[in-house]
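J.: Let me see the structure of the following:
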Amino acid sequence: MNSSIEVVPIDFISAPVRVIGDIPIAVGCNANVTVIVNNNLKLYESISLSDAIQSLATVGELLKVAHSASEGHIFGAPIFKIIIDHQSLVYETIITCFSFVNNCIGAIKNHEIALRIATRSPQKSMIYISKTAEKANKEMAENSQKLVDFIKKLVEKSTDFLVLATGGQKDTVASEEREDIKKKGELEAKLQSEISDLKEFAEKASKESTEERKIELVLKYFCAFTKPLTQDLQRKSNTDLAENVVQLKNLVVSGDYMTALIKCFEIIIKTMGKVRTIFENTRLFWALVKTQYDLLDDVINVTDLTGIASLNIKYQNDITNQIKSSGLIWLTLAQINFVDCEKITDVKKNFDEFMSNLPGRGEAEAMAKVCCDEILKNLGEENKKIDEVKNESDKIADELKEA
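T.: Next up is the predicted model:
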């Protein structure tokens, strides 16, 4: 950090954010804020539940096809029980999305308070943020875990049904279980690697010999808000999923409803596996954010800035700018979850209408065509978005290491 260069204060949110409806207004309150949020959206899109919500909608459509194809068959009853559980998962996701939004709004409020504190004590302002964020980050990680557990049970019931429908054939089920274990292991490895990097950076900051260098590293660390884990695992599974969707469509068109029913649940299990990966990714992200704030607290406490008034003044704009940047990331996360709330509410409405007017076998072919075409379209859009997010993430992957 070159102390001879004057640091210009950046813009911050100029509209109050107190309820969910305030979020889009705050994003558009200032042209510079809008640009920053839009850039952040590209980076943090991978922890959005949007794709999981779309996949839940896909599963809902597939369950409609399965229900239609099983009309009058002994498999109708267990399928309907799975439909009920899916509806419950949609409701649980709604609760989680609104909880995320409320926590983001709370974090934005705390950043506003921290900016006022920073005019008197920059160190205390950063401590205030790290302390107040602890509860919210923990709650969001726990809520994500609830969704992981819920989807796990739904996958188990679906795989049990598939075994029943195939007369005990377990090849597909075993394959999905192995893939699930592999995905979870890779995600956990990514998490531990990220935590290791954070700890190394925090240790480096606390051992600096000069207080000025310590402040510079604290600011660098505070700015390097945790980046979400990538969606590479989801990208890999999309090709296989697309092939299965095409096969399902052809089976229904040919009138082979029993085989179509089995294929339908194979796709449902794979799709719910994607949902679980997204939920797990979100949980790990918030767990990592909590770790970052915990380590930040340790670094700030080790670095006794309170007795260095001249440096506090010197870095006043740097500190307030980083608080503002952090606050704008929380506004970005609020915007992501605001959109998610709208999407999951639409999914609920659509499924409620389905439950009020259950289709019969005569509608299975038309429904399968529409459903399959929609799934393939969404997979293409999802792949494009994943590639864009990965490109943005790669640009800043070495930020902490270069500190």
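
J.: tell me what the helix or strand Ala107 falls within is packed against?
T.: Secondary structure from DSSP states H and E places Ala107 in helix 76-118. With contacts taken as 3 or more C-beta pairs under 8 Å, 6 or more residues apart in numbering; DSSP states H and E, helix 76-118 sits against helix 22-27, helix 50-69, helix 122-165, helix 316-356. Yep, even glycine has a C-beta here, placed from its N, CA and C like the rest.

J.: and whichever helix or strand comes after the first one with helix 316-356, angle?
T.: Per DSSP H and E, the first helix or strand lying C-terminal to helix 22-27 is helix 31-44. Between the axes of helix 31-44 and helix 316-356, defined by axes from the mean of the first three to the mean of the last three C-alpha atoms, to 10 degrees, the angle is 60 degrees.

J.: pLDDT weak spots in the protein?
T.: Residues of the chain meeting the criterion pLDDT under 70: 1-7, 46, 168-236, 295-315, 359-361, 364, 389-390, 392-403.

J.: distance of Val155 from Phe75?
T.: Val155 is 18 Å from Phe75, where distance means C-beta to C-beta, to the nearest Å.

J.: Where does Asp11 sit: helix, strand or coil?
T.: Of the three states, Asp11 takes coil under DSSP: H, G, I helix; E, B strand; the rest coil.

J.: Report the contact partners of it.
T.: Asp11 is in contact with Asn30, Asn32, Val33, Lys324, counting by C-beta atoms under 8 Å, 6 or more residues apart in numbering.

J.: show me what contacts the second one?
T.: The one in question is Asn32. Going by C-beta under 8 Å, 6+ apart, the list of residues near Asn32 reads Ile10, Asp11.

J.: switch to 7 Å and redo it
T.: Each residue near Asn32 by C-beta atoms under 7 Å, 6 or more residues apart in numbering is listed here: Asp11.

J.: Figure out the helix or strand that Asp262 lives in.
T.: If you look again at residue 262, you'll see it is Ile, not Asp. Short version, using DSSP H and E: Ile262 is in helix 257-302.

J.: Among the helices and strands packed on helix 76-118, show me which one is buried the most.
T.: Comparing those by mean neighbour count (mean count of other C-beta atoms under 10 Å), helix 50-69 comes out on top with a mean of 24.

J.: report the angle between the axes of that helix and helix 122-165?
T.: Angle of helix 50-69 versus helix 122-165, following the same axes, to 10 degrees, is 20 degrees.

J.: helices or strands up against helix 50-69?
T.: Contacting helix 50-69 under the criterion 3 or more C-beta pairs under 7 Å, 6 or more residues apart in numbering; DSSP states H and E are the following elements: helix 76-118, helix 257-302, helix 316-356, helix 364-395.

J.: Just the CA atoms from it would do, formatted as PDB, please.
T.: The C-alpha trace of helix 50-69 is given here as PDB (Å, rounded to 0.1, in the frame of the first residue of the first chain):
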ATOM      1  CA  SER A  50     -31.200 -20.100  -7.700                       C
ATOM      2  CA  ASP A  51     -30.000 -23.200  -9.500                       C
ATOM      3  CA  ALA A  52     -31.100 -25.400  -6.600                       C
ATOM      4  CA  ILE A  53     -34.500 -23.800  -6.800                       C
ATOM      5  CA  GLN A  54     -34.700 -24.400 -10.500                       C
ATOM      6  CA  SER A  55     -33.700 -28.000  -9.900                       C
ATOM      7  CA  LEU A  56     -36.400 -28.300  -7.300                       C
ATOM      8  CA  ALA A  57     -38.800 -27.000  -9.900                       C
ATOM      9  CA  THR A  58     -37.500 -29.600 -12.300                       C
ATOM     10  CA  VAL A  59     -37.900 -32.400  -9.800                       C
ATOM     11  CA  GLY A  60     -41.500 -31.100  -9.300                       C
ATOM     12  CA  GLU A  61     -42.200 -31.400 -13.000                       C
ATOM     13  CA  LEU A  62     -40.600 -34.900 -13.100                       C
ATOM     14  CA  LEU A  63     -42.800 -35.900 -10.200                       C
ATOM     15  CA  LYS A  64     -45.800 -34.700 -12.100                       C
ATOM     16  CA  VAL A  65     -44.800 -37.000 -15.000                       C
ATOM     17  CA  ALA A  66     -44.100 -39.900 -12.600                       C
ATOM     18  CA  HIS A  67     -47.500 -39.400 -10.900                       C
ATOM     19  CA  SER A  68     -49.300 -39.400 -14.300                       C
ATOM     20  CA  ALA A  69     -47.400 -42.500 -15.500                       C
END
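
J.: and the angle for that helix with helix 257-302?
T.: Using the same axes, to 10 degrees: helix 50-69 against helix 257-302 is 160 degrees.

J.: now helix 50-69: how far from the chain's centre is it?
T.: 20 Å (C-alpha atoms, centre = their mean, to the nearest Å).

J.: Asn110 - nearest residue in space that isn't next to it in sequence?
T.: The shortest distance from Asn110 to any non-neighbouring residue, by C-beta to C-beta, 6 or more residues apart in numbering, is to Thr132 (4.4 Å).

J.: Over to Ile268?
T.: Setting aside the residues directly before and after it, Ile268 is nearest to Leu62 in space (C-beta to C-beta, 6+ apart), at 5.1 Å.

J.: And Asn103, by the same measure?
T.: Asn103 sits nearest to Ala136 (C-beta to C-beta, 6+ apart), 4.1 Å away.

J.: residues touching the one you found, list them.
T.: With C-beta under 7 Å, 6+ apart, Ala136 has these contacts: Asn103, Gly106, Ala107.

J.: I'd assumed Glu142 was in contact with the first one.
T.: Spelled out, that is Asn103. No - Asn103 lies out of contact with Glu142 (C-beta atoms under 7 Å); the separation is 11.3 Å.

J.: hmm, back to that, and the gap between the residue nearest to Ile268 and Asn103?
T.: 32 Å.

J.: Please apply the same query to Thr320.
T.: Separation of Thr320 from Asn103 (C-beta to C-beta): 23 Å.

J.: isn't Leu251 right up against Lys263?
T.: Yes - under the criterion of C-beta under 7 Å, Leu251 makes contact with Lys263 at 5.7 Å.
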